[in-house]
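Enquirer: predicted model and sequence below, questions to follow.
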Amino acid sequence: MQITLEGKVALITGGGSGIGRASCLAFAQAGAAVVVAGRTESKLAAVASEIVAAGGRAIVAVGDVSRGEDVRAMIAAAVQHFGGLDVLFNNAGISPSGRITDISEEAWDACIAADLRSVFLGAKYAIPELQQRDGGVILNTAGTFGLRAAREKAAYAAAKAGVVNLTRAIALDYARDNIRCNVICPGYVDTPLNDGFAPVLRDAFLERYQPLPGMVHADEVAALALFLASDSARMITGQAYVIDAGQQAGLY
């Protein structure tokens, strides 16, 4: 099965590294024009340059996904440069640690803003553009902590659980507009977001909780996102897709 996004325009947040970067490259290779969006311009520019050097089309959109005006500007850039928007991948986020009694109100609000409010804003301002194209796709990243909680990840687990159910709500509300919305729930992925996890602790965690050996790689998550964004998944909406090497399959 050949998966193509030829003629499509995709906006991917958190595009400068990890899953976002891998998805930008994969979507561009499949024929999409890509808006590489995020906060760090140098990283975004490097990804966009890599796409253009390979013969693809890409631009950079710098902004904070928790700010409505920034999200509107990102979407406007897609419309201005490429004529519209077909796919939004709300991938950017943060992953703070802490129990409820340890987290400050400011840290809680920052996590909810980056991980949940950003998805609301992205969908809110992208949907009118998708409707202009007679349909489109919204993808969100939640992670397995959106399905089950873990110790010392209270704010993150709460935000990502919200993303999972918000995904379902969007799918139900806009299905008749031919807009599909799904959520990807990666387990431990070898990305810069997890750089703070000491290798010895990481290996012990994977040995104990992950049935399949090895690590999930960003390009494998990107391949799943590419499928869900394509017409090959035209009848799939409102679903949570887990890619975690089997962690959610049982209790350990």
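Expert: In hand now; what should we look at?
Enquirer: quick one, helices of this protein?
Expert: Here the chain has its helices, by DSSP state H, at 18-29, 41-53, 68-82, 105-112, 118-132, 154-174, 199-209, 218-229.
Enquirer: in the longest one, which residues are buried?
Expert: So that's helix 154-174. Within helix 154-174, the residues that qualify as buried are 154-164, 166-168, 170-171, 174, counting by 16 or more other CB atoms under 10 Å. Every residue, glycine included, has its C-beta placed from N, CA and C.
Enquirer: what helices and strands are in contact with it?
Expert: helix 105-112, helix 118-132, strand 136-141, strand 179-186 (3 or more CB pairs under 8 Å, 6 or more residues apart in numbering; DSSP states H and E).
Enquirer: for residue 155, which non-adjacent residue is closest in space?
Expert: Leaving aside its sequence neighbours, residue 155 sits nearest to residue 111 (CB to CB, 6 or more residues apart in numbering; 3.9 Å).
Enquirer: so for that neighbour, what's the pLDDT?
Expert: pLDDT for residue 111: 98.
Enquirer: contact partners for it?
Expert: Neighbouring residues of residue 111 by CB atoms under 8 Å, 6 or more residues apart in numbering: 94, 96, 155-156, 159.
Enquirer: now, which of those residues sits nearest residue 237?
Expert: Closest to residue 237 out of the contacts of residue 111 is residue 159 (22.0 Å), distances taken as CB to CB.
Enquirer: per-residue pLDDT, the spatially closest residue to the closest one that is not a sequence neighbour?
Expert: Closest residue to residue 159 apart from its sequence neighbours, by CB to CB, 6+ apart: residue 115 at 3.7 Å. Note on residue 115: pLDDT of 98.
Enquirer: same deal with residue 191?
Expert: Confidence score, pLDDT, at residue 191: 73.
Enquirer: next one: residue 200
Expert: 77.
Enquirer: for it, give its distance to residue 21.
Expert: Relative to residue 21, residue 200 is positioned 27 Å away (criterion: CB to CB, to the nearest Å).
Enquirer: give me the more crowded residue out of these two.
Expert: Comparing residue 200 with residue 21 by other CB atoms under 10 Å, the one with more neighbours is residue 21, at 26 against 8.
Enquirer: can you pull the contacts of that one?
Expert: Here residue 21 is in contact with 15, 43, 47, 218 (CB under 8 Å, 6+ apart).
Enquirer: please apply the same query to residue 39.
Expert: 16, 62-64, 92.
Enquirer: quick one, phi/psi of it?
Expert: The phi and psi values for residue 39, taken as degrees, to the nearest 10, are phi -100, psi -30.
Enquirer: re earlier: out of the contacts of residue 21, give me the one that has the most neighbours.
Expert: Going by other CB under 10 Å, residue 15 tops the contacts of residue 21 with 32 neighbours.
Enquirer: assess the claim that that one and residue 44 are in contact.
Expert: Yes - taking CB atoms under 8 Å as the definition, residue 15 is a contact partner of residue 44 at 5.9 Å.
Enquirer: list residues touching both of these two?
Expert: Common neighbours of residue 15 and residue 44 (CB under 8 Å, 6+ apart) are 36-38.
Enquirer: ok, and the closest non-adjacent residue to residue 85?
Expert: In this structure, residue 85 finds its nearest non-sequential neighbour in residue 129, 4.2 Å apart by CB to CB, 6+ apart.
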